[in-house]
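Engineer: give the three-dimensional model of this entry:
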Amino acid sequence: MTLNPESWLRQQLWRILWQGPGAGSVYLSIPTPLICVALSLIDSSQLALASLFVLSVNVALGVLSILADEIDSFRVHNLGLLRFSAAKSRDRIAKLGIRSTQVDRFVNALWSNPELRSTFKNTRLESVELMVLALDLLSRIASRYGRCGRRVFEANQHPMVRAMQLFECLPFADAEKMLAESLRAWLKTPPVYDPEGWAQSVLGEF
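Structural biologist: As a prediction, the model looks like this:
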């Protein structure tokens, strides 16, 4: 796991290259014309040329879609990239059986809050980047532990969720001052699976 925000942003760009909507369209559109080319080579050279042309068009459109994903990710200070990563993280924790209202509100704000988008047009919000990084990091660590992943996430989520709650209540400038440093400090010691730690926290509630 990389904890450097700049390295993490570059890593997310590579993930979009291979996992974004454009890449998904390529995976769906290429196999059928490729099979047609193979079958037409057996029967007719003219039909093979036509099938090869269709395949070439599909490949070109797929490349353009991937480039569009990459360009959109760079726009408004990487807001598109942050949206993609946060949505992936939410899907990842949903597979673990976790439904977090706070995470849902944060991810939805990335997509639909006009004030947030307007702010990103002018400047980067490090606090938002760090919250998305923290969500990505924790969701990936939790997913490594299979059925125990839910406990790992729930035991380590509180600093991140608390930051999301404060972000909702504070002006963006104040959130930058209050949250960025604490999130950087939390990310210096990434969460791990600690059976005794989560067990004690659960048993302490009874």
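Engineer: looks like residue 123 contacts residue 79 (just checking).
Structural biologist: No - with contacts counted by CB atoms under 8 Å, residue 123 stays clear of residue 79, the gap being 11.2 Å. (Each C-beta comes from the backbone N, C-alpha and C, glycine too.)
Engineer: where's the most centrally placed residue in the chain relative to residue 129, distance?
Structural biologist: For the chain, the residue nearest the mean C-alpha position is residue 85 (1.4 Å; CA atoms, centre = their mean). From residue 85 over to residue 129 the distance is 10 Å, taken as CB to CB, to the nearest Å.
Engineer: quick revisit: neighbour count: residue 123 and residue 79, which is higher?
Structural biologist: residue 79 (23 against 12; other CB atoms under 10 Å).
Engineer: need the contact list for that one.
Structural biologist: Under the criterion of CB atoms under 8 Å, 6 or more residues apart in numbering, the contact list for residue 79 reads 110, 116, 117, 120.
Engineer: once you drop chain neighbours, what's closest to the second one?
Structural biologist: Translated: residue 116. Computed as CB to CB, 6 or more residues apart in numbering, the closest residue to residue 116 that is not its neighbour in sequence is residue 109, at 6.0 Å.
Engineer: quick one, which of the contacts of residue 79 are buried?
Structural biologist: Among those, those scoring as buried are 110, 116, 120 (criterion: 16 or more other CB atoms under 10 Å).
Engineer: residues touching the first one, list them.
Structural biologist: In this structure, residue 110 makes contact with 79, 82, 83, 86, 116, 128, 132, judged by CB under 8 Å, 6+ apart.
Engineer: that one: helix or strand, and which one exactly?
Structural biologist: Residue 110 belongs to helix 101-112 when elements are defined using DSSP states H and E.
Engineer: now do the SS call for residue 120.
Structural biologist: Under DSSP: H, G, I helix; E, B strand; the rest coil, residue 120 falls in the helix class.
Engineer: I'd say it and residue 77 touch.
Structural biologist: Yes - using CB under 8 Å, residue 120 is in contact with residue 77, at 4.9 Å.
Engineer: residue 137 contacts residue 187, doesn't it?
Structural biologist: Yes - when contacts are counted by CB under 8 Å, residue 137 is listed as touching residue 187 (7.0 Å).
Engineer: rewinding a little: name the helix or strand for the residue nearest to the centre of the chain, please.
Structural biologist: Assigned by DSSP H and E, residue 85 falls within helix 45-95.
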